[in-house]
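*Asks:* A structural model of the following input is requested.
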Amino acid sequence: MSGGRLQGRTAFVTGAGGGIGRESALLFADEGAAVAVCDLREDEGRETVSAIEARGGRALFVQADVSQGRSLSAALDAAVEWSGALHVLFNNAGIFPADDGSPVDTPEAVWDQVMDVNLKGVFLGCKYGIPKLLAAGGGSIINMASFVAVVGAATSQIAYTASKGGVLAMTREIAVEFARAGIRANALCPGPVNTPLLQPLLADPEARARRFVHIPMGRLAEVGEVARAALFLASEDSSYVNGATFLVDGGISAAYVTPE
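*Replies:* Have a look, this model is predicted:
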């Protein structure tokens with residue numbers, strides 16, 4: 001690959017075995033990046049690597065549980081050993097368990113699991129990734145939040161919503177602390193996206209209707225639309241974008257109302 005917006009850079013993408021993470025890894029590679037494909041699921045992660053290589057890109061699979069510091073730190077070490085540096089850190093991995101609902105109904109174990117992956121996982125990515133970005137002279141951090149970090153969800157999902165709110169607040173603080181060291185940090189906040197993660201939640205027609213009534217564009221986002229936003233934040237196209245709540249929600253946050 002030559003002449004791309006990420007030419008000569010290395011990107012580390014968590015949750016890159018599927019959904020937004022996979023599409024972003026493919027797009028980053030198409031734009032010239034060497035991509036460290038990080039996922040807990042080995043088969044899916046290696047499939048992403050194969051897809052990148054089939055398109056002429058360069059990729060490495062690194063397995064990690066993002067909720068475990070030792071695991072994620074080792075994966076980042078392997079990525080830098082492979083490529084020589086780290087320039088883009090996309091903390092994308094996340095979960096949305098079916099038992100995540102109202103605060104009065106959500107089991108404590110589900111709350112803990114969601115926080116470990118969605119919030120602690122982003123913290124650990126930053127903890128161990130920022131020193132590597134500093135060593136490279138700076139770079140871009142993209143933390144996966146959600147539009148529900150800004151507005152309430154149409155159906156109860158208390159742990160997920162709280163975890164994404166934490167990601168948003170954490171990203172702002174990181175953006176302020178490291179801006180003069182050449183690191184930009186932004187929170188990517190998609191609306192509902194057409195991924196396997198969301199499909200089970202839309203199987204119930206009533207739940208689907210409650211969600212869709214809030215979307216001005218009348219449809220879910222596609223993974224490619226969110227991946228292109230991630231590419232913008234990863235590249236120098238967004239060189240003065242820092243600490244942003246980067247909404248890609250089809251207008252939901254602009255027109256969020258309670259239906260009669």
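*Asks:* How many neighbouring residues does Glu225 have?
*Replies:* When neighbours are counted by other C-beta atoms under 10 Å, Glu225 registers 17. (Glycine included, C-beta is placed from N, CA and C.)
*Asks:* For Val116, which residues are in contact?
*Replies:* Heads up, residue 116 is Asp, not Val. Contact criterion C-beta atoms under 8 Å, 6 or more residues apart in numbering gives Ser67 as the residues in contact with Asp116.
*Asks:* What's the separation between it and Ile252?
*Replies:* Relative to Ile252, Asp116 is positioned 27 Å away (C-beta to C-beta, to the nearest Å).
*Asks:* need the helices for the protein, in chain order.
*Replies:* For the chain, the helices defined by DSSP state H occupy 19-30, 42-54, 69-83, 108-114, 121-135, 158-178, 205-212, 223-234.
*Asks:* and the last one, what other elements does it pack with?
*Replies:* Think helix 223-234. Based on contacts counted as 3 or more C-beta pairs under 8 Å, 6 or more residues apart in numbering; DSSP states H and E, the elements that helix 223-234 packs against are helix 19-30, strand 88-91, strand 139-144, strand 183-190, strand 245-248.
*Asks:* Repeat that for the fifth one.
*Replies:* The contact analysis (3+ C-beta pairs under 8 Å, 6+ apart) places helix 121-135 against strand 10-14, helix 69-83, strand 88-91, strand 139-144, helix 158-178, strand 183-190.
*Asks:* What is the distance between that helix and the centre of its chain?
*Replies:* A distance of 14 Å separates the C-alpha centroid of helix 121-135 from that of its chain, computed with C-alpha atoms, centre = their mean, to the nearest Å.
*Asks:* so it versus helix 69-83, what angle?
*Replies:* Orientation check (axes from the mean of the first three to the mean of the last three C-alpha atoms, to 10 degrees): helix 121-135 against helix 69-83 gives 40 degrees.
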